[in-house]
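Asker: model the following, please.
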Amino acid sequence: MAKKALKAIILSLTLILSLCLMTTCNGSGGGGWVGGGGCTNQCSTSGAKECSGDGYHVCGNYDSDKCLEWSAVTACGAGEACSDGVCSPVCTDADGDGYYAQSGCGTAADCNDHNGTVYPGAPELCDGIDNQCPGDPGYGTVDEGCFQKIGNDVRITNDVSYSYMPSLAWTGSEYGVSWVDDRDNPNISEEIYFARISASGAKIGSDVRITNDANLSRDPSLAWTGSEYGVSWVDDRDGNFQIYFARISTDGTKIGADIRITNDANGSSGPSLAWTGSEYGVSWRDYRDGNDEIYFARISASGTKVGADVRITNDSNWSELPSLVWTGSEYGVSWDDDRDGNYEIYFAHISASGTKIGADVRITNAAYDSSYPSLAWTGSEYGVSWEDLRDDLDGICDLSSGTMDCSYKIYFARIGLVP
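Answerer: The predicted structure follows:
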């Protein structure tokens with residue numbers, strides 16, 4: 001009886017041990033075999049991944065027992081970091097342009113993460129650098145599609161004396177340029193010269209002397225008509241400065257004699273010439289009224305003055321440096337004027353027949369001088385640019401120190417009809 005009971009006890013213990021080995025230490029149990037050379041699971045699910053250090057490890061059975069343990073750590077690659085057991089790129093956008101420096105981050109990789117203007121598909125900004133990335137059209141070319149200097153500087157005049165005050169015109173196939181030159185009587189008289197320049201920037205032929213008198217000829221303004229040039233300038237051959245005009249053929253030959261446009265006892269200067277399609281208009285500064293005023297006159301295609309001079313400004317202070325343009329139906333003229341206590345930019349309309357239209361329009365309203373306007377017509381409105389002293393600390397050009405202590409800046413404004 002006792003022997004049968006002992007066998008039953010031994011059989012029960014054997015069954016219990018077998019059950020333990022099958023359910024507790026083979027990865028499906030939780031506590032494992034405690035003592036007696038048993039094992040404990042380090043992880044619960046085979047194949048699960050977990051970040052560790054600079055990489056990740058995987059849950060599995062990697063030894064001779066039946067328990068689960070972590071594998072050796074697999075390091076993440078360069079530029080990667082582990083998150084939720086997976087190595088992923090570290091996504092950085094240091095320049096804030098919306099493109100990550102790394103691939104796999106949801107955007108094309110930024111080829112320059114230190115410049116917000118450089119990224120895949122970026123537009124060319126004409127800023128002196130290549131804004132595109134490899135694979136983009138235009139990559140490898142700086143400022144494609146941008147206006148930039150073409151070729152080298154071309155020297156047009158080559159004499160021992162000085163040349164200055166150029167005026168340039170385009171014919172449709174080449175340039176014409178007129179300027180002041182004192183080569184014929186240095187430091188005593190100045191003459192108006194002309195030269196042709198090809199579309200590629202090569203000088204064509206020799207310089208052509210336009211004026212030939214013993215006094216000063218200055219301030220040329222050149223215009224192209226479609227078949228020839230017209231040039232206006234100021235000349236003191238008559239004892240005081242007057243406005244003159246001449247025609248120049250396409251090959252640079254002067255046509256006919258100089259034509260005197262103004263004829264008053266005081267000085268005229270600074271002409272600005274424009275072509276309408278059938279005749280010229282010219283505007284200038286004139287001192288006949290006791291102070292400088294802006295005047296205007298018409299000149300026929302053959303060079304004959306049409307009608308009388310037209311006074312454009314009428315105030316007690318100086319008006320000077322006009323810039324004249326033709327719109328297709330009327331003239332626009334801009335000038336600088338000190339009627340307000342300092343020089344400001346003004347504007348006016350002139351009809352095709354030479355009649356002033358409406359009142360003067362004040363363009364600038366700054367504390368310091370605005371001067372030297374240059375006017376252009378777009379087809380629907382005017383643009384005017386000028387030099388301005390408003391940003392100078394004291395608004396004064398001080399030459400007492402031997403240097404020009406002033407800070408002129410270039411400004412621009414639009415002029416058009418208010419709806």
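Asker: could you point out which element follows the helix or strand that contains residue 179?
Answerer: Using DSSP states H and E, residue 179 sits in strand 174-181. Following strand 174-181 in sequence order, the next helix or strand is strand 191-198 (DSSP H and E).
Asker: can you list contacts of that following strand?
Answerer: When contacts are defined by C-beta atoms under 8 Å, 6 or more residues apart in numbering, strand 191-198 is touched by residues 154, 156-157, 163, 174-184, 203-213, 217, 220, 222, 229, 231, 233, 248, 251-252, 254. C-betas here are computed from N, CA, C, even on glycine.
Asker: same thing but at 6 Å, please
Answerer: If you take C-beta atoms under 6 Å, 6 or more residues apart in numbering as the criterion, strand 191-198 is touched by 156, 174-179, 181, 184, 203-205, 207-211, 217, 220, 233, 248, 252.
Asker: check which residues of stretch 270-287 are buried.
Answerer: Across stretch 270-287, burial judged by 16 or more other C-beta atoms under 10 Å covers 270-276, 279-287.
Asker: kindly report the same for stretch 115-131.
Answerer: 115, 116, 118, 119, 120, 122, 124, 130, 131.
Asker: endpoint to endpoint, that stretch covers what distance?
Answerer: One end of stretch 115-131 to the other measures 9 Å (C-alpha to C-alpha, to the nearest Å).
Asker: and stretch 40-59, by the same measure?
Answerer: Stretch 40-59 end-to-end distance (C-alpha to C-alpha) = 13 Å.
Asker: pLDDT on that stretch, on average?
Answerer: For stretch 40-59, mean pLDDT rounds to 93.
Asker: and for stretch 184-200?
Answerer: 89.
Asker: wait, isn't residue 389 in contact with residue 369?
Answerer: Yes - counting by C-beta atoms under 6 Å, residue 389 touches residue 369, with 4.7 Å between them.
Asker: neighbour count: those two, which is higher?
Answerer: residue 369 (24 against 21; other C-beta atoms under 10 Å).
Asker: list the contacts for the more buried one?
Answerer: With C-beta under 6 Å, 6+ apart, residue 369 has these contacts: 342, 343, 389.
Asker: let's have these in CSV, adding secondary structure and distance to residue 150.
Answerer: Below are these laid out as CSV (DSSP: H, G, I helix; E, B strand; the rest coil; distance: C-beta to C-beta, whole Å):
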residue, secondary structure, distance to residue 150
342, coil, 40
343, coil, 36
389, coil, 33
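Asker: nearest to residue 139, of the residues you listed?
Answerer: Among the contacts of residue 369, residue 389 lies closest to residue 139 (C-beta to C-beta), at 43.9 Å.
Asker: that older thread, can I get the buried residues of stretch 115-131 in JSON lines with pLDDT, distance to residue 46 and secondary structure?
Answerer: Compiled in JSON lines, the buried residues of stretch 115-131 are given as follows (pLDDT from 0 to 100; distance: C-beta to C-beta, whole Å; DSSP: H, G, I helix; E, B strand; the rest coil):
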{"residue": "115", "pLDDT": "95", "distance to residue 46": "49", "secondary structure": "coil"}
{"residue": "116", "pLDDT": "95", "distance to residue 46": "48", "secondary structure": "coil"}
{"residue": "118", "pLDDT": "95", "distance to residue 46": "48", "secondary structure": "coil"}
{"residue": "119", "pLDDT": "96", "distance to residue 46": "44", "secondary structure": "coil"}
{"residue": "120", "pLDDT": "95", "distance to residue 46": "42", "secondary structure": "coil"}
{"residue": "122", "pLDDT": "94", "distance to residue 46": "49", "secondary structure": "coil"}
{"residue": "124", "pLDDT": "89", "distance to residue 46": "56", "secondary structure": "coil"}
{"residue": "130", "pLDDT": "93", "distance to residue 46": "52", "secondary structure": "coil"}
{"residue": "131", "pLDDT": "94", "distance to residue 46": "52", "secondary structure": "coil"}
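Asker: tell me the one of those nearest residue 316?
Answerer: Each of the buried residues of stretch 115-131 was scored against residue 316 by C-beta to C-beta, and residue 124 proved nearest at 52.2 Å.
Asker: for the closest residue to residue 109 other than its chain neighbours, give its distance to residue 49.
Answerer: Spatial nearest neighbour of residue 109, chain neighbours left out: residue 103 (4.5 Å); criterion: C-beta to C-beta, 6 or more residues apart in numbering. Noted for residue 103: a distance of 22 Å to residue 49, by C-beta to C-beta, to the nearest Å.
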